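1. Got a sequence here, can you build the structure:
(chains A and B)
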Amino acid sequence: DAGVIQSPRHEVTEMGQEVTLRCKPISGHNSLFWYRQTMMRGLELLIYFNNNVPIDDSGMPEDRFSAKMPNASFSTLKIQPSEPRDSAVYFCASRRDGPSSYEQYFGPGTRLTVT
Amino acid sequence: KNQVEQSPQSLIILEGKNCTLQCNYTVSPFSNLRWYKQDTGRGPVSLTIMTFSENTKSNGRYTATLDADTKQSSLHITASQLSDSASYICVVNPPGAGSYQLTFGKGTKLSVIP
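-> Residues are numbered from 1 along each chain as shown, chains lettered A, B, ... in the order given. Okay, the predicted model is just below:
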C-alpha cells in the first residue's frame, strides 16, 4: 500500500497568490481529513469528508480556504488569496471506518511558506 | 486551555538511556488515547492505542500507561536509539461511533544523541 500521498511536498509562494494542495487517500478508505500544524497551535483539524461529502468544515479558518473531494481518490485544499500567516505544514489523513478501528493514517505533509 | 498537555516540551537524552514522556488530559469521556511518533518532515504514525479501561500497552521498546482516575498517560522509551529522535504526540479520541474530532497535544520533541 502506497499510503496517503500529498503534493507538492514543499510550496513557496508570495502573499496574494492562490495555492492548491493535493491529496490521494489510501485506497478503500472512506474518510478524509485535512489538518494544519504549527509550532504554536500543534495539529488542528480543518475539514472532514466522509464518502466524499464534507461533514465538518468548522475548522476552516476563513473564506480564503476551500476544500473539495470530487471522488474517493482525490481531494484538494485551496487557499486564495494566501497570506503569510497561512505558513504551516498541511497534512491529509484518511481512514477506513469500521466497528473496531478508527485509526487515521497521515500523509507526509505539504510545507507551505507564504512570503 | 488545551485539553491535552504534554511535558516536557523538549528532551535530550544519551543513546541507550530510558526516558518517560507525560500527557495530562481533561477530555472526558473519551474512547481511546493514542501516542503518535512524528519524524522530522513526516506525518504522525500511531505507536500505541489504549481504551479507557486499559492501563498499559507495549510496542517493542515503547510502553504507554494510562491512569483514567488522574487523567494521565505516559510513554516510556527503553534503551533509546538515535532513530527515536522525533516528536511524540498524545492524542485523545472522543467516544461514539465514527468519532473524528481528535484532541492533540503539542508534542514532546525528543533528541537522542550519541
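2. Quick check, central residue of chain A?
-> Per Cα atoms, centre = their mean, the C-alpha nearest to the average position across chain A is that of A:Trp34, at 2.9 Å.
3. Not counting residues beside it along the chain, what's closest to that one?
-> Distance criterion Cβ to Cβ, 6 or more residues apart in numbering or on different chains; nearest residue to A:Trp34, sequence neighbours excluded, is A:Leu46 at 4.4 Å. Every C-beta, even on glycine, is put in place using the N, C-alpha and C of the backbone.
4. Which residues are in contact with the one you found?
-> By Cβ atoms under 8 Å, 6 or more residues apart in numbering or on different chains, the contact set of A:Leu46 is A:33-36, A:57, A:59-61, A:65, A:67, A:77, A:90.
5. Just give me the closest of the residues you listed to chain B.
-> Of all those, chain B sits closest to A:Phe33, with 7.1 Å by Cβ to the nearest Cβ.
6. Going through the contacts of A:Leu46, which ones are buried?
-> Among the contacts of A:Leu46, those classed as buried by 16 or more other Cβ atoms under 10 Å in any protein chain shown are A:33-36, A:59-60, A:65, A:67, A:77, A:90.
7. Keep only those of these that are in strands.
-> Members of these lying in strands (criterion: DSSP state E): A:33-36, A:65, A:67, A:77, A:90.
8. possible to save those residues as CSV with pLDDT?
-> Output for those, formatted as CSV (pLDDT from 0 to 100):
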residue, pLDDT
A:Phe33, 97
A:Trp34, 98
A:Tyr35, 97
A:Arg36, 97
A:Phe65, 97
A:Ala67, 97
A:Leu77, 98
A:Tyr90, 98
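9. from the residues you listed, which two are the most distant?
-> A:Phe33 and A:Phe65 (14.2 Å; Cβ to Cβ).
10. Can you give me the distance of the closest residue to chain B within chain A to B:Thr63?
-> Shortest chain A-to-chain B distance, computed as Cβ to the nearest Cβ: residue-wise this is A:Phe106, at 3.1 Å. Relative to B:Thr63, A:Phe106 is positioned 23 Å away (Cβ to Cβ, to the nearest Å).
11. okay, those two: which has more neighbours?
-> Shown here are A:Phe106 and B:Thr63; by other Cβ atoms under 10 Å in any protein chain shown, A:Phe106 has more neighbours (23 against 16).
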